[in-house]
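> Sequence first, predicted model second:
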Amino acid sequence: GGSVETARSSSDLIRYCHRPTGSSPSYAPRGRSSSARSPRHRLKAEAARFDRLGGAMDDYPIRSISADELPAFEEVLALAFHVSGIDEHLKDDQLIAEPDRWFVATDDGRMVGTAGACTTRLTVPGPRSLQAPGVTAVSVLPSHRRRGINTRLMGALLDQASERGEPLAYLWASESSIYG
């Protein structure tokens, strides 16, 4: 198998891609590769980058919801994904929702982003399973995208998982409508 390395420039990338099989690249990668960093480290780095660019992430507080806020949560999710008829989804989510694990970002008290997790068990290599949050309902309204809101929502989910001793979180990403 090959290894993933970072090119310093486009000419380095061209040299790397067109080198004879089995030869080493003609440059040494700088520092640690991004793949060696933890997801939490990458989230913090992204937040720092956003702050340097003049973003005001504190303008969008992140908090967990209460059970009676689930319909408003679903409405934001439906708007973000351009779907209608939240009643069907609301009934399903009422069965699995753990409000303390469902987070929103707000703008002047109005929900503008969502992310949730459901406590599950995930089978891992060997004869065992681990408790792990299954990430779901991740959305940001189109009017509030590119402001670091999703980064902060995911950070809240991962922080909570860490506090609960859950070593990993997972997301099964799919768009069921494309499968017919």
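Now that the structure is in, tell me what you want to look at.

> What's the local residue count around P167?
Number of residues near P167 (other CB atoms under 10 Å) recorded here: 11. Backbone N, C-alpha and C define where each C-beta goes, glycine included.

> Where does pLDDT dip in the chain?
Low-confidence segments of the chain (pLDDT under 70): 1-58, 175-180.

> quick check: longest strand of it.
With secondary structure taken from DSSP state E, the chain has its longest strand at strand 110-124.

> tell me what that one is packed against?
helix 70-81, strand 102-107, strand 128-140, helix 149-163 (3 or more CB pairs under 8 Å, 6 or more residues apart in numbering; DSSP states H and E).

> export the ones you listed to a markdown table and tack on mean neighbour count and distance to A117?
As requested, those are exported to a markdown table (neighbours: other CB atoms under 10 Å; distance: least, CB to CB, whole Å):
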| stretch | mean neighbour count | distance to A117 |
| --- | --- | --- |
| helix 70-81 | 18 | 13 |
| strand 102-107 | 22 | 7 |
| strand 128-140 | 18 | 3 |
| helix 149-163 | 19 | 5 |
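
> With respect to L171, which of these lies nearest?
Set against L171 and scored by CB to CB, those come closest in strand 128-140, at 4.0 Å.

> Can you name the residues in contact with that closest one?
73, 76-77, 80-81, 93, 101-102, 105, 112-124, 149-150, 153-154, 157, 160-161, 164-172 (CB atoms under 8 Å, 6 or more residues apart in numbering).

> picking that back up, tell me the buried residues in the longest strand of the chain?
111-118 (16 or more other CB atoms under 10 Å).

> from these, which two are the most distant?
So, these by CB to CB: farthest apart are V112 and C118, at 22.2 Å.

> How about the contacts made by the closest residue to S84 other than its chain neighbours?
Nearest residue to S84, sequence neighbours excluded (CB to CB, 6 or more residues apart in numbering): A78, at 6.7 Å. The contact partners of A78, by CB under 8 Å, 6+ apart, come to 84-86, 89.

> of those residues, buried ones?
Buried among the contacts of A78 (16+ other CB under 10 Å): I86.

> Need the contacts of A78 in a markdown table (columns: secondary structure and distance to A97).
What follows is the contacts of A78, written out as a markdown table (DSSP: H, G, I helix; E, B strand; the rest coil; distance: CB to CB, whole Å):
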| residue | secondary structure | distance to A97 |
| --- | --- | --- |
| S84 | coil | 20 |
| G85 | coil | 18 |
| I86 | helix | 13 |
| H89 | helix | 11 |
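
> Now flag whichever of the contacts of A78 is closest to D68.
I86 (15.1 Å).

> Wait, that closest one touches F73, no?
No: counting by CB atoms under 8 Å, I86 sits too far from F73 to count as a contact (9.6 Å).

> who touches C118 in this structure?
Per CB under 8 Å, 6+ apart, neighbours of C118: 96-98, 101, 133-134, 136.
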